[in-house]
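Student: 3D, please:
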Amino acid sequence: MGHLDHAAFGWLTPVLSYAMACIGAALGLRCTVRALGATGRSRRNWLLTAASAIGTGIWTMHFVAMLGFSVSGTEMRYNVPLTILSLLVAMVVVGAGVFAVGYGRDRGRALVLGGLTTGLGVASMHYLGMAALRLHGQVHYDPGLVGLSVVIAVVAATAALWAALNIKSPVAVAIASLVMGGAVSSMHYTGMIAVSVRVTPSGEALPGATAMQFIFPLAVGLGSYLFLTSAFVALSPTAGEREASASAQRPVESVAR
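Tutor: Coordinates of the predicted model:
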C-alpha cells in the first residue's frame, strides 16, 4: 500500500482550497439572492452566474487541495478530458439545483430537490475528478466513507440554498459561505480519507498531464474569474438600490416639468 499524504505542502493547500470554496459559495449565494429579487432574463442571468460561481468554487477547491496530495512510490498525472468534464458536470448539475430553487413555486419542495441535485453534483465532481487521476497502482474506496461524503455534500448544498432563500444581509451571507466552505472541504477530505492505493511499481510513463502543467494554471484562471466576478457583483446595485435611485429621480423630474 502506498503512503498517502493529503497536505504535502503543509497547511497551504487546505487553507487555500477552503478559501476558494468560501469565495465560490459567497458569490453563488449573493447571485441567488439577487436572482430571487429579479424577474425575466435578469433572474436567469443571475442564476447562471450563481451556478458557474458555485461550480467553479467547488472544482477549484478540490483541485487546489489535490495539489497537496501525493502517494509514495508513484508519480501522478491527470486525464485532461475527464478533469474538464468534472468541471462541466459541477456547473451543469449545480445549475440544475440552483434553477430549481430560483423558479420553484413550492419553496420547500424546491429546496429539497435543489439541495439533493446540487449535493449530488458536488459529489459527482469530486469522484469524477478522482477518476481522472493516473498513477502506478489501483485506487480503492471505503464505501462507508464515500457514502458519508455524499451525505455531507447534500446537507451542505441544502443548507446553502436554504440560506439563499432566507438570509438577505451581506454579513449573514458571508457567515453562511464560511459554513458552506467548511462543509465542502469536509466533504472533500472525507472522500479522500476513503481512498487507499495499492502501488504497483513500474517504469512506464503515465499518460496525462501533471498537476503543475494543467491543474495549477487552470485553478489560477478560475480563481481569477471568481475574484473578478465577486468584484462585479459587489459593485452591481441591488434591486432595492435601483428602486431607491428611481424614486429619488422622480421628484427631480416632476420639478423640472
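Student: The most centrally placed residue in the chain: what's it in contact with?
Tutor: With distances taken as CA atoms, centre = their mean, I58 lies nearest the centre of the chain, 2.2 Å away. Contacts here follow CB atoms under 8 Å, 6 or more residues apart in numbering; on that basis I58 touches 21, 24, 90, 94, 122, 125, 184. Bear in mind the C-beta positions are built from the backbone N, C-alpha and C, glycine included.
Student: rerun that using 6 Å as the cut-off
Tutor: 90, 122, 184 (CB atoms under 6 Å, 6 or more residues apart in numbering).
Student: mind listing which of those residues are in helices?
Tutor: Cross-referencing the contacts of I58 against helices under DSSP state H gives 90, 122, 184.
Student: Most neighbours of all the contacts of I58, which one?
Tutor: V122 (31 neighbours; other CB atoms under 10 Å).
Student: Which other helices and strands does whichever strand or helix holds T13 contact?
Tutor: If you go by DSSP states H and E, T13 is part of helix 12-36. Contact partners of helix 12-36 among helices and strands, from 3 or more CB pairs under 6 Å, 6 or more residues apart in numbering; DSSP states H and E: helix 40-66, helix 143-166, helix 170-193, helix 216-235.
Student: Quick one, grab the pLDDT at the residue nearest to the centre of the chain.
Tutor: If you check I58, the pLDDT there is 87.
Student: What are the contacting residues of the helix holding T13?
Tutor: Counting by CB under 6 Å, 6+ apart, 7, 43, 46-47, 49-50, 53-54, 56-57, 60-61, 64-65, 67-68, 102, 164, 173, 177-178, 180-181, 184-185, 226, 230, 233 sit against helix 12-36.
Student: Show me which parts of that helix are buried, residue by residue.
Tutor: Neighbour-count burial for helix 12-36 flags 13-14, 16-36 (criterion: 16 or more other CB atoms under 10 Å).
Student: Report the rounded mean pLDDT for it.
Tutor: Regarding helix 12-36, the rounded mean pLDDT is 86.
Student: same check, this time on stretch 127-145
Tutor: 91.
Student: got the buried residues for it?
Tutor: Neighbour-count burial for stretch 127-145, counted by 16+ other CB under 10 Å, picks out 127-130, 132-137.
Student: State the distance from R105 to G73.
Tutor: Applying CB to CB, to the nearest Å, the value for R105 to G73 is 55 Å.
Student: what does S169 give?
Tutor: From S169 to G73 the distance is 51 Å (CB to CB).
Student: So which of those two has more stuff around it?
Tutor: Applying other CB under 10 Å to S169 and G73 shows that G73 carries more neighbours, namely 14 against 9.
Student: related to what we said a few turns ago, quick check: PyMOL command selecting the buried ones in the contacts of helix 12-36.
Tutor: Buried residues among those (16+ other CB under 10 Å), as a PyMOL selection:
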select buried, resi 43+46+47+49+50+53+54+56+57+60+61+64+65+67+68+102+164+173+177+180+181+184+185+226+230+233
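Student: and H6, what is it in contact with?
Tutor: Counting by CB under 6 Å, 6+ apart, H6 has contacts 69, 192.
Student: going forward, begin numbering at 22 instead of 1
Tutor: I'll keep to 22 as the first residue from here, and by that count the last item is H27.
Student: Next, it: phi, psi?
Tutor: The phi and psi values for H27, taken as degrees, to the nearest 10, are phi -90, psi 0.
Student: Please tell me how far it sits from I236.
Tutor: 16 Å.
Student: Likewise for G142?
Tutor: Counting by CB to CB, the separation of G142 from I236 is 20 Å.
Student: out of those two, which sits in the busier spot?
Tutor: G142 (27 against 22).
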